[in-house]
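S.K.: Sequence plus predicted model, see below.
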Amino acid sequence: MNNLLFQVEDRPPLLTSLLLAAQHMLAALGGIIAVPLVVGAALKLPADQIIALINAALLGSGVVTFLQCKGVGPVGIRLPCVMGTSFAFVGAAISVGIEHGVPGIMGSSLAGSLVMIIGSRFMPVIRKLFPHAVTGVVVTMIGLSLTPVAIDWAAGGVPRGSVGYGSPASLGVALFVLVTVIALVQFGKGIISAAAVVIGMSIGYAVCLAMGLVNFAPVHSAQIFAVPQPLAYGMSFPIGGIVAMGIAFLVTMVETTGAFMALGAATNTKIRGSSLARGILCDGVGSAFTAVMSSPPVSTFAQNVGIISLTGVASRHVVALTGVMLFMAGLFPVLGAVVVTIPKPVIGGAGLMMFAMIISAGIQLLSNVEHNKRNGIIIAVSIGCGLAVSVRPELLGQLPAFVKEIFGSGITVGALVAIALNLVLPERPVEAVEEDEDAPPQAFVTKELETV
């Protein structure tokens, strides 16, 4: 059992709670603002729309964080969970947005959230669709699909082949930010390490200020206070987008389950099947709410679980206060405007680190897969097919439009192929494993949740 400074139901003094809640907010802020910033930049949205996305994301994350911590009826796990926009949806969002714009992203998110809402009642079945081999492929494909985007930002955020692409100044700033983030993660302690991306981008931003590379026009034109408007972009419901988002929600459901189990260990709380269902349901309901509020979907932030383990502060009431702080931040568009002024090379340096870490997370998942012919085929073929449509999108150019919509995303293709192969290929007989003395042992055996 961990020695906790504050238990789940403890209520620290107000000033202490404010400081502890601010720490959680600082750790989560980078992830929350990064997703709408990444999606907006990839879709080349105007600055005012990116500002609106950022503030909607902050407000939505605050509301859902409060709901997850406090709970309302069957919704909310009632543990210290910080909710925020998830990178698991970035690949699908960009893919949908390129074809159907922001309305397509919001409509697909709203429809896709039903997967999580309904799926919260069928966790055992859904978990079987995503063993380590499938989940590892999907996570790896997310990172592989996003890394080229970060590279283009690091090169200046201008079209490839143009005069300014890959300028020494842009590459130098991106490299500086990348090295800074690596140093903070590796050698920083506590909140310094947890907030390495935010701190690294802040330092890079200061360097760009000194170099005169920051344009403050968005700040000058931004409102000080404004309430994000529901359905600000409208909604459309493309079939391909719904499929892509639905798969992203399935993957997130599995990842969130792991985050909840880690949270249970950090807070000395036994995670029962009913608790897990309430938490997943909150993710789904919260994502539907954020879609209506014109924000990307939300999920549980694993980095904040690390803060709980590090600090021993497990009070759900402290993290609920973090939700209030995020909500308040979402009411001030000038905050989003400051974020929009961050030069692309700064985002690229940090983004390369973030996206590469997603690849690393996928590789770690794949390393926990038993090394046999069946799993090797699943991993190789699904990643190969996913990369095929990612690096050569013209491959589908002569196929019907609905086929291109569904299979235009490398993440979607990799996930569907992995799920299909996992269902179709027969399991390796136990006798064959026992007879094969040279077969490498399985890295570990995942114990099924007894209470699910």
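M.R.: Done, it's in.

S.K.: tell me, how many neighbours does the nearest residue to His317 once chain neighbours are set aside end up with?
M.R.: Residue nearest to His317 in three dimensions, not counting chain neighbours: Arg11, with 5.1 Å by Cβ to Cβ, 6 or more residues apart in numbering. (Glycine included, C-beta is placed from N, CA and C.) Residues lying near Arg11 (other Cβ atoms under 10 Å) number 12.

S.K.: got the buried residues for stretch 135-149?
M.R.: Residues of stretch 135-149 classed as buried: 135-147, 149 (neighbour count, 16 or more other Cβ atoms under 10 Å).

S.K.: just the CA coordinates of that stretch, formatted as CSV?
M.R.: Below are the C-alpha coordinates for stretch 135-149, written out as CSV (Å, rounded to 0.1, in the frame of the first residue of the first chain):
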residue,chain,number,x,y,z
THR,A,135,-3.6,-2.1,-29.1
GLY,A,136,0.1,-1.9,-29.8
VAL,A,137,-0.4,-1.6,-33.5
VAL,A,138,-3.0,1.2,-33.2
VAL,A,139,-0.9,3.2,-30.8
THR,A,140,2.2,2.8,-33.0
MET,A,141,0.2,3.9,-36.1
ILE,A,142,-1.0,7.0,-34.3
GLY,A,143,2.6,8.0,-33.6
LEU,A,144,3.8,7.1,-37.1
SER,A,145,1.0,9.1,-38.7
LEU,A,146,1.6,12.2,-36.7
THR,A,147,5.4,12.4,-36.8
PRO,A,148,5.6,13.8,-40.3
VAL,A,149,3.3,16.6,-39.2
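
S.K.: Beyond the host helix or strand of Met25, next helix or strand please.
M.R.: Using DSSP states H and E, Met25 maps to helix 14-42. Counting by DSSP H and E, the next helix or strand C-terminal to helix 14-42 is helix 47-70.

S.K.: and the residue nearest to His317, that's in a helix?
M.R.: No: under DSSP: H, G, I helix; E, B strand; the rest coil, Arg11 falls outside any helix and is assigned coil.

S.K.: and it, backbone torsions?
M.R.: Arg11 adopts backbone torsions of phi -120, psi 100, taken as degrees, to the nearest 10.

S.K.: confidence score at it?
M.R.: pLDDT, Arg11: 92.

S.K.: surely it meets Ala320?
M.R.: No: using Cβ atoms under 8 Å, Arg11 makes no contact with Ala320, being 10.3 Å away.

S.K.: I'd like the distance from the helix holding Met25 to the chain centre, please.
M.R.: Relative to its chain's centre, helix 14-42 lies at 13 Å (Cα atoms, centre = their mean, to the nearest Å).

S.K.: residues in contact with Ala21?
M.R.: Val318, Val319, Leu321, Thr322, Val324, Met325 (Cβ atoms under 8 Å, 6 or more residues apart in numbering).

S.K.: Which parts of the stretch 151-300 of the chain are helices?
M.R.: Per DSSP state H, counting those that start in this stretch, the stretch 151-300 of the chain carries helices over the ranges 168-187, 191-194, 196-211, 217-221, 239-267, 273-292.

S.K.: Those: which one's closest to Cys385?
M.R.: Cys385 lies closest to helix 239-267 among the helices of the stretch 151-300 of the chain, at 14.0 Å (Cβ to Cβ).

S.K.: Okay, buried residues for the closest one please.
M.R.: Within helix 239-267, the residues scored as buried using 16+ other Cβ under 10 Å are 240-257, 259-260, 262-267.

S.K.: Which other helices and strands does it contact?
M.R.: Under the contact criterion of 3 or more Cβ pairs under 8 Å, 6 or more residues apart in numbering; DSSP states H and E, helix 239-267 touches helix 90-119, helix 123-129, helix 132-154, helix 273-292, strand 298-300, helix 302-311, helix 401-407, helix 410-424.

S.K.: okay, these, which one's buried deepest?
M.R.: Comparing the helices and strands packed on helix 239-267 by mean neighbour count (mean count of other Cβ atoms under 10 Å), strand 298-300 ranks first with a mean of 30.

S.K.: average pLDDT for it?
M.R.: Strand 298-300 comes out with an average pLDDT of 89.

S.K.: Same check on stretch 307-327?
M.R.: Mean predicted confidence for stretch 307-327 is 86.

S.K.: From Val102, how far out is Gln223?
M.R.: To Val102, Gln223 is 20 Å away according to Cβ to Cβ, to the nearest Å.

S.K.: do Val339 as well
M.R.: Counting by Cβ to Cβ, the gap from Val339 to Val102 is 17 Å.

S.K.: Same check on Gly286?
M.R.: Taking Cβ to Cβ, one finds Gly286 at 19 Å from Val102.

S.K.: Same check on Val346?
M.R.: For Val346 relative to Val102 (Cβ to Cβ), the value is 24 Å.

S.K.: got it, and Asn55?
M.R.: Relative to Val102, and taking Cβ to Cβ, Asn55 is found at 14 Å.

S.K.: low-confidence ranges in the stretch 151-300 of the chain?
M.R.: Scanning the stretch 151-300 of the chain for pLDDT under 70 picks out the ranges 190-191, 194-195, 258.

S.K.: Over to Leu4: give its phi and psi.
M.R.: Dihedral angles phi and psi of Leu4 (degrees, to the nearest 10) take the values phi -100, psi 140.

S.K.: For it, which residues are in contact?
M.R.: Contact analysis of Leu4 by Cβ under 8 Å, 6+ apart lists Thr267, Asn268, Gly312, Val313, Ala314.

S.K.: hang on, the earlier thing: in CSV, list the helices of the stretch 151-300 of the chain along with distance to Ser86.
M.R.: Below are the helices of the stretch 151-300 of the chain laid out as CSV (distance: least, Cβ to Cβ, whole Å):
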stretch, distance to Ser86
helix 168-187, 20
helix 191-194, 17
helix 196-211, 15
helix 217-221, 25
helix 239-267, 6
helix 273-292, 9
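
S.K.: Could you give the number of residues near the closest residue to Gly188 other than its chain neighbours?
M.R.: Of all residues not flanking Gly188 in the chain, Ala196 sits nearest, at 6.0 Å (Cβ to Cβ, 6+ apart). Per other Cβ under 10 Å, the neighbour tally for Ala196 reads 24.

S.K.: got it, and Leu321?
M.R.: Residues near Leu321, counting by other Cβ under 10 Å, number 23.

S.K.: just checking, it touches Leu19?
M.R.: No: at 10.2 Å, Leu321 and Leu19 do not qualify as touching, with contact defined as Cβ under 8 Å.

S.K.: Mutual contacts of the two, please.
M.R.: Between them, Leu321 and Leu19 share no contacting residue, judged by Cβ under 8 Å, 6+ apart.

S.K.: any idea how far Met211 is from the residue lying closest to Phe216 once chain neighbours are set aside?
M.R.: Of all residues not flanking Phe216 in the chain, Thr341 sits nearest, at 5.9 Å (Cβ to Cβ, 6+ apart). Distance of Thr341 to Met211, computed by Cβ to Cβ: 14 Å.

S.K.: And Pro124, by the same measure?
M.R.: Noted for Pro124: a distance of 55 Å to Met211, by Cβ to Cβ.

S.K.: Likewise for Ile383?
M.R.: For Ile383, the distance to Met211 - Cβ to Cβ - is 40 Å.
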